[in-house]
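In: Okay, here's the prediction I keep looking at, along with the sequence it came from:
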Amino acid sequence: MRLALALVLICLASPVAARVWQPADDAALTAALAEAGAGDEIKLEARRWRGPLEIHMPLILQGTQGAVVDGQGAGSVILVDAPDVQIRNLQITGSGSDLDRMDAGVFLTKAALRAQVVDNDLTDNLHGVRIQGARDAVVAQNRITGRLGRQSELGNGVSVWNAPGAVVESNRISQGRDGIFVYVSKKNVFRDNDIHDTRFAIHYMNTSDSRVEDNRSRDNGMGYAIMFSDRLRITGNSSDNDRDYGFLFNSANRSVISGNRVTGHPAPAARWRDMGTSSEAGVPQPDAPVSGSRIAPEKCVFIYNANRNQFSANRFQGCGIGIHFTAGAEGNQVSRNDFIGNRVQVKYVGTRFLEWSKDGIGNYWSDNAGFDLNGDGLADSAYRPNDMVDKVMWTAPQARLLLTSPAVQILRFAQGRFPGLLPGGVTDSHPLMFPNSERPLP
């Protein structure tokens, strides 16, 4: 009697074995989604399956090679409204086009806690993956190709809204509006994504305490647009041949920006943009991807009202302007960075004196004709990227006609001999003699 009772208790305590469903047609798939229990797996064979699909139970939806889920242009192709759902190894295509409804290849609702969207091909969807409030979701190792057309009618590769703990990593994203867009969230990680031919590779809005690591942006309108966000760690990212800016910081504060690289492809002087006529405060809205463009980015970094950030060990190369900062950007630390081959290394229209070195170590400037007589790796004299003439040219571009005049040459000569004539601006008191990769410094 006791043995029988023990066996009954063991059976009741043991979880029911997960079931594997292998539907043969669309009707069977609909039935499987309705009847599956928690932990079950639904395997889709290589054929075209009719969507949209809705998942309301924690389960695994997995495809074999060649399995395609087609949304038929109506709504989101796969809507997930349950926790702990996994979507793997599927081709997902054909979402609707309703921007208000936020149609997507995969739509994760607030109930989709800990969802995993891994190793899928998402094509011809308004949004690739939409994380709409789903905490701790993971979107990884997917290949996401957006639509082409007017930017106002396109969605993003991955969209994140109010989804703390979301991780977006190791995806390949192209076309559409933004590669990754996040709005009103926190504690997110965007890591190791490859993004090209979009408007912005990564677009941050009102998102704090997060990390942007080791991403690669190339041939986009802009690399990384960081706006109204605080306490970020932005490390190890690259921007290659992005058209307007490598990085934009607009009201982004108390963040660490380290080990990043912005590389342009310098063009002949006649092809450089007119730096005096562009809009400085707004965010550009390019109409089309820029793949194949060989014009250097307008600015490696644009800092607008962004304060108390730390810029270190970054490389800014081949841009129209290395760093442009304005609108009261204060308290930023800039040291151990490389400024190489930018037409204008720094643009700062202001009257404050700013020191760009820390603990006796400054930055490397490729146009600094300094000497290092004691061999300590630091130039013997300070470097000032801008002077009074530069500020006159920025505020009154017509004055460029006078650049070669004797009066301007005498003014620059006098400033070099009498530093007290210099206006406020950036001073690097300890400029480096070698780029970051070559210098033997602690």
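Out: Structure received.
In: Please make it C-alpha for all contacts and neighbour counts, starting now.
Out: Noted.
In: Report the next helix or strand after the lowest-mean-pLDDT helix or strand in the chain in sequence order.
Out: Ranked by mean pLDDT, DSSP states H and E, the weakest helix or strand in the chain is helix 2-13, scoring a mean of 46. Following helix 2-13 in sequence order, the next helix or strand is strand 20-21 (DSSP states H and E).
In: what's next to that following strand, contact-wise?
Out: With contacts defined as CA atoms under 8 Å, 6 or more residues apart in numbering, strand 20-21 is touched by 32, 40-43.
In: Work out which residue lies at the spatial centre of this protein.
Out: Centroid-nearest residue in the chain, with CA atoms, centre = their mean: Ile202, separated by 2.6 Å.
In: Relative to whichever strand or helix holds it, what are the paired strands and their orientations?
Out: Here Ile202 sits within strand 200-208, counting by DSSP H and E. When pairs are called by DSSP bridges, strand 200-208 turns out to pair with strand 180-186 (parallel), strand 222-227 (parallel).
In: Flag the shaky bits of this structure, pLDDT-wise.
Out: Applying pLDDT under 70 to the chain picks out residues 1-16, 266-295, 327, 386-424, 437-442.
In: Please parse it into its domains.
Out: What automatic domain parsing lists as the domains of the chain is 21-177, 213-387+423-442.
In: Could you dump these into JSON lines with distance to Asp192 and mean neighbour count added?
Out: Shown next, in JSON lines, are the domains of the chain (distance: least, CA to CA, whole Å; neighbours: other CA atoms under 10 Å):
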{"stretch": "domain 21-177", "distance to Asp192": "5", "mean neighbour count": "22"}
{"stretch": "domain 213-387+423-442", "distance to Asp192": "5", "mean neighbour count": "20"}
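In: mind checking which of these is nearest Asn206?
Out: domain 213-387+423-442 (4.9 Å; CA to CA).
In: can you tell me which of the contacts of strand 20-21 are in strands?
Out: Among these, DSSP state E puts 41-43 in strands.
In: wait, which of those is closest to Ser174?
Out: Lys43 (28.1 Å).
In: Contacts only, for that closest one.
Out: Listed by CA under 8 Å, 6+ apart, the contact set of Lys43 reads 20-23, 61-64.
In: In TSV: the residues you listed, plus distance to Gly246.
Out: Listed next are the contacts of Lys43 as TSV, based on distance: CA to CA, whole Å:
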residue	distance to Gly246
Val20	48
Trp21	48
Gln22	47
Pro23	48
Leu61	38
Gln62	38
Gly63	38
Thr64	39
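In: tell me which of those is nearest to Val160?
Out: Distance to Val160, by CA to CA, is smallest for Leu61 among the contacts of Lys43, at 21.8 Å.
In: Which helix or strand contains the closest one?
Out: Element membership of Leu61, judged by DSSP H and E, is strand 60-63.
In: which neighbours does that strand have in its sheet, and in what orientation?
Out: Counting by DSSP bridges, strand 60-63 is paired with strand 41-44 (parallel), strand 86-88 (parallel).
In: Put the alpha carbons of the first one into CSV.
Out: Taking Å, rounded to 0.1, in the frame of the first residue of the first chain, the C-alpha atoms of strand 41-44 are listed here in CSV:
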residue,chain,number,x,y,z
GLU,A,41,7.9,21.9,-29.5
ILE,A,42,6.3,22.5,-32.9
LYS,A,43,8.6,21.5,-35.8
LEU,A,44,7.8,22.9,-39.3
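In: how far out from the middle of the chain is it?
Out: Averaging C-alpha positions (CA atoms, centre = their mean, to the nearest Å) puts strand 41-44 34 Å from its chain's average.
In: Could you do stretch 211-219 as well?
Out: The gap between where stretch 211-219 is centred and where its chain is centred comes out at 5 Å by CA atoms, centre = their mean.
In: picking up where we left off before, make CSV out of the ones in strands among the contacts of strand 20-21 and add distance to Asn368.
Out: Shown next, in CSV, are these (distance: CA to CA, whole Å):
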residue, distance to Asn368
Glu41, 63
Ile42, 64
Lys43, 63
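In: quick one: which of those residues is nearest Asp209?
Out: For these, the closest approach to Asp209 (CA to CA) belongs to Glu41, at 35.4 Å.
In: is it true that Gly63 touches Arg88?
Out: Yes: Gly63 is in contact with Arg88 according to CA atoms under 8 Å; the separation is 6.6 Å.
In: For Arg172, give its distance to Asn142.
Out: Note on Arg172: its distance to Asn142, by CA to CA, to the nearest Å, is 6 Å.
In: actually Ile202, not the one I wrote
Out: Distance from Ile202 to Asn142, by CA to CA: 16 Å.
In: mind checking how far Leu232 is from Ser152?
Out: Per CA to CA, Leu232 is found 28 Å from Ser152.
In: To clarify, my last question referred to Ala140.
Out: To Ser152, Ala140 is 27 Å away according to CA to CA.
In: Rebuild the strands paired with strand 60-63 as CSV, extending it with distance to Ala329.
Out: Putting those into CSV (distance: least, CA to CA, whole Å) gives the following:
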stretch, distance to Ala329
strand 41-44, 53
strand 86-88, 44
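In: Select, out of those, the one closest to Cys319.
Out: Closest of the strands paired with strand 60-63 to Cys319 is strand 86-88, at 40.7 Å (criterion: CA to CA).
In: tell me which element Ala329 is part of?
Out: Counting by DSSP H and E, no helix or strand carries Ala329.
In: ok, and the closest non-adjacent residue to it?
Out: Once flanking residues are discounted, Ala329 sits nearest to Asn305: 4.4 Å by CA to CA, 6 or more residues apart in numbering.
In: List the contacts of that neighbour.
Out: Taking CA under 8 Å, 6+ apart, we find Asn305 in contact with 249-252, 325-330.
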